[in-house]
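Novice: turn this into a structure:
(4 chains)
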There are 2 protein chains.
Amino acid sequence: MDIPQPIISTVDIVLLLIKDERLCVTLSKRDKDPYENQEALPGGYIHAEEDRDCLDAAVRILRQKTGLLPPYLEQLKTFTGAARDPRGWSISVAYFALVDADLILSSANPGLTICPVDALRRLPFDHNEIIAAAVDRIRNKSQYSSLPCYLAGETFSLPRLQKIYEACLGEALHKVSFRRKMDELGVLEAVPGQTESAGAHRPAQMYRLKSEFKNQLKLLVRGL
Amino acid sequence: MDIPQPIISTVDIVLLLIKDERLCVTLSKRDKDPYENQEALPGGYIHAEEDRDCLDAAVRILRQKTGLLPPYLEQLKTFTGAARDPRGWSISVAYFALVDADLILSSANPGLTICPVDALRRLPFDHNEIIAAAVDRIRNKSQYSSLPCYLAGETFSLPRLQKIYEACLGEALHKVSFRRKMDELGVLEAVPGQTESAGAHRPAQMYRLKSEFKNQLKLLVRGL
DNA sequence: ATAATAGTGTCTGTAAGACATTATCAA
DNA sequence: TTGATAATGTCTTACAGACACTATTAT
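Specialist: Next up is the predicted model:
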C-alpha cells in the first residue's frame, strides 16, 4: 500500500514592492509551457539534487529570475491539489519577499513586470489566490511590526515611510500616532545632517534602519 | 533541463488539546519504517489519486489515525529538504488542528499518546520543530481571537475558558479584562439555567459558542 | 458562620486619536 | 510674504489593569 504518486513540486515567489505609493507585485514572463509567454509569479521546480530545502530553492529562483536577493524572504503558504496545474497534482510552496522598488526598477530586467496588487488581471494557475494570501500577510504584519521598512530602501523620510505603511495596510494612518509607534519600535535612527527637500516646504529628516534590525523584524505589543 | 526529481510528499498534523490545564499534542505510534513503533506526529503520504488537495489529505489522515474531524483545522507551514527524512528529499505540509480533549480521551484510541508540548522528548524527523511552529501559531492567535474556544468542548464556564487561554498563551490573564474581551468578541452565549458546581463556592454560569461562530474565528482589533 | 470561587463595580494610569502650533523650506 | 509640508506639543477619550466588593454555593 501507500505507494506515492508523482507530484509536481515547485516554488513560487510573491515579490512585493512599492511603486507610485501603491503595493505592487513582480510578474515574470513564463518561458515554457504551460502558459508560455504569459505573465505569472516567478517560480520553478524544486531541484532536489541542488537545493537543500525550499528556502534554498526560492533564493535560487529569485536570483535566476530577478537577479537579486531581497532583504526579506519568508515562507507564505503551500498551494496544492489536482486542479491548480494542468500538468496534474502539484505542490507549490509559495514565498513572500519584500524589496526596495529602486533595486528592480533600476536593473531594468526585461522579463519582469510590476503590477499593483489591486489591479491584477486573471493570472495562470492559482496565482491570484497566492498573491491575495501575500497581501493578507503583509497587511497583518504591517499592523504591528517593522516589516514595511524593507520596502523603503537604505534611507527614507518618515512621511515616505508612513506612505509605505499606508500602501501596505490599505488605509490612512494618524501621523502623530504613527511617529509615536515608530519611535516605540526603536528600529530607526536619524541620518545625521541628511534631509530630503521635496518642494516648497520644510525638508524631512532622513532615517535608516539601525544595523541590528536590518535582518530582524521588530514587533509591537500593541499595533499601530 | 528542469527534470524534476522524485520528492516524498507527506502531510503531518499537530493535533492540540488541553489536558490537566496544559497544552498537549497528540502523538501516534508509527506503523512502518522509518522510525517504526516510535511516537511521532500523525501523518502520511499524499494520495494524488484520492485527495483533492492537502487539506483533503489531512482530513483523511486525521480520520484514519484518530477517528475524528476536529472543529478547527488550518495549514501551518511546510517543512522541506534533504535532511529531515532518511528516505531523502521530502516535503511535509504540516497542519494544525484543535479539538476538545474529551473527544480523544473518551474514544480510548490505542495508538495515540497525549503529551504536554513543554515536556516532549526528542521526536523523529523534524517533528519537534513542527510542534514548536504550532505552539507559536496558537500563542499568537490566542492573543486576539476566539481560537482557544475550539479546545473547550460544547459548553464551558468562563473560568475554565480563561484557564484554556492561559494554557495556550503560557501566561496568567487578568480576570476582569479577559471577561471584558470575551464580551467584546461576542462569540459566546450563556446557556440558560445551566451552571457548573465545582466545590464549596458559587457555581459558574455555562457558556457555548454562538452557532454562527462554530465554524468561524472572530478577531479582536486589540488583543486580550 | 466560614471558606472558597464566581462575578461585578469603580478607580487610575496609559496610550491613541484630535487638534493646534511651530519650523523650515521654495517661490 | 505666502504656501506647503515637516515636526511637535497639548487635550480628550477610551481602554487595560488594579482593587475592592458582592453573590452563591458546600461544609
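Novice: show me what the nearest residue to residue A:130 once chain neighbours are set aside bridges to in the sheet.
Specialist: By the measure of Cβ to Cβ, 6 or more residues apart in numbering or on different chains, the closest residue to residue A:130 outside its immediate chain neighbours is residue A:94, 4.9 Å from it. Glycine gets a C-beta too; all of them are placed from N, C-alpha and C. In this entry, residue A:94 is beta-bridged to residue A:12, residue A:77, by DSSP bridges.
Novice: just checking, what packs against the lowest-mean-pLDDT helix or strand in chain A?
Specialist: Per-element confidence for chain A was summarised using mean pLDDT, DSSP states H and E. The lowest value among helices and strands belongs to helix A:101-107, with a mean of 83. Here helix A:101-107 is seen to pack against strand A:8-19, strand A:112-116 when contacts are counted using 3 or more Cβ pairs under 8 Å, 6 or more residues apart in numbering or on different chains; DSSP states H and E.
Novice: can you list contacts of that helix?
Specialist: A:15, A:17-19, A:24, A:26, A:66-68, A:112, A:114, A:151, A:153 (Cβ atoms under 8 Å, 6 or more residues apart in numbering or on different chains).
Novice: just the helices and strands packed on helix A:101-107: most buried one?
Specialist: Burial among the helices and strands packed on helix A:101-107, expressed as mean neighbours by mean count of other Cβ atoms under 10 Å in any protein chain shown, is greatest for strand A:8-19, which shows a mean of 24.
Novice: buried stuff in the helix or strand following it?
Specialist: In the C-terminal direction, the helix or strand that comes right after strand A:8-19 (DSSP states H and E) is strand A:22-29. Within strand A:22-29, the residues that qualify as buried are A:23-29, counting by 16 or more other Cβ atoms under 10 Å in any protein chain shown.
Novice: could the residues you listed be laid out in JSON lines, adding pLDDT and distance to DNA strand C?
Specialist: Shown next, in JSON lines, are those (pLDDT from 0 to 100; distance: Cβ to the nearest atom of the strand, whole Å):
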{"residue": "A:23", "pLDDT": "98", "distance to DNA strand C": "21"}
{"residue": "A:24", "pLDDT": "98", "distance to DNA strand C": "26"}
{"residue": "A:25", "pLDDT": "98", "distance to DNA strand C": "28"}
{"residue": "A:26", "pLDDT": "97", "distance to DNA strand C": "31"}
{"residue": "A:27", "pLDDT": "97", "distance to DNA strand C": "34"}
{"residue": "A:28", "pLDDT": "96", "distance to DNA strand C": "38"}
{"residue": "A:29", "pLDDT": "96", "distance to DNA strand C": "41"}
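Novice: I'd say residue A:69 and residue A:63 touch.
Specialist: Yes. Taking contact to mean Cβ atoms under 8 Å, the distance of 6.6 Å between residue A:69 and residue A:63 places them in contact.
Novice: can you count the residues close to residue A:204?
Specialist: With neighbours defined by other Cβ atoms under 10 Å in any protein chain shown, the count for residue A:204 comes to 17.
Novice: state the distance from it to residue A:87.
Specialist: Going from residue A:204 to residue A:87 by Cβ to Cβ, to the nearest Å gives 51 Å.
Novice: so where do the helices sit in chain A?
Specialist: Counting by DSSP state H, chain A forms helices over residues A:54-66, A:101-107, A:127-142, A:158-169, A:175-185, given from the N-terminal end onward.
Novice: what about the last one and DNA strand D, any contact?
Specialist: What it means is helix A:175-185. Yes. Counting by Cβ under 7 Å from any atom of the strand, DNA strand D has neighbours in helix A:175-185: A:175-176, A:179.
Novice: what's next to that helix, contact-wise?
Specialist: Residues outside helix A:175-185 that contact it (Cβ under 8 Å, 6+ apart): A:146, A:158, A:161-162, A:165, A:188, A:218, A:220, A:224.
Novice: ditto for the third one
Specialist: With Cβ under 8 Å, 6+ apart as the test, helix A:127-142 has contacts from A:12, A:14, A:16, A:23, A:25, A:40-41, A:76-77, A:79, A:92, A:94, A:96, A:98, A:117, A:120, A:122-123, A:147-148, A:165, A:168-170, A:217, A:224.
Novice: flag every buried residue along it.
Specialist: Neighbour-count burial for helix A:127-142, with 16+ other Cβ under 10 Å as criterion, is recorded at A:127, A:130-131, A:133-135, A:137-138, A:141-142.
Novice: what's the burial count for the residue nearest to residue A:84 when sequence neighbours are not counted?
Specialist: On the basis of Cβ to Cβ, 6+ apart, the spatially nearest residue to residue A:84 that is not a chain neighbour turns out to be residue A:126, at 4.6 Å. One way to gauge burial is a neighbour count; for residue A:126, by other Cβ under 10 Å, it gives 21.
Novice: surely residue A:126 touches residue A:80?
Specialist: No. Shown here, residue A:126 and residue A:80 do not form a contact pair, counting by Cβ under 8 Å, at 9.8 Å.
Novice: now do the closest residue to residue A:204 other than its chain neighbours against residue B:104, distance only.
Specialist: Leaving aside its chain neighbours, residue A:204 sits nearest to residue A:157 (3.5 Å; criterion: Cβ to Cβ, 6+ apart). Taken as Cβ to Cβ, the spacing of residue A:157 relative to residue B:104 amounts to 56 Å.
Novice: same deal with residue A:118?
Specialist: Applying Cβ to Cβ, one obtains 44 Å for the distance of residue A:118 from residue B:104.
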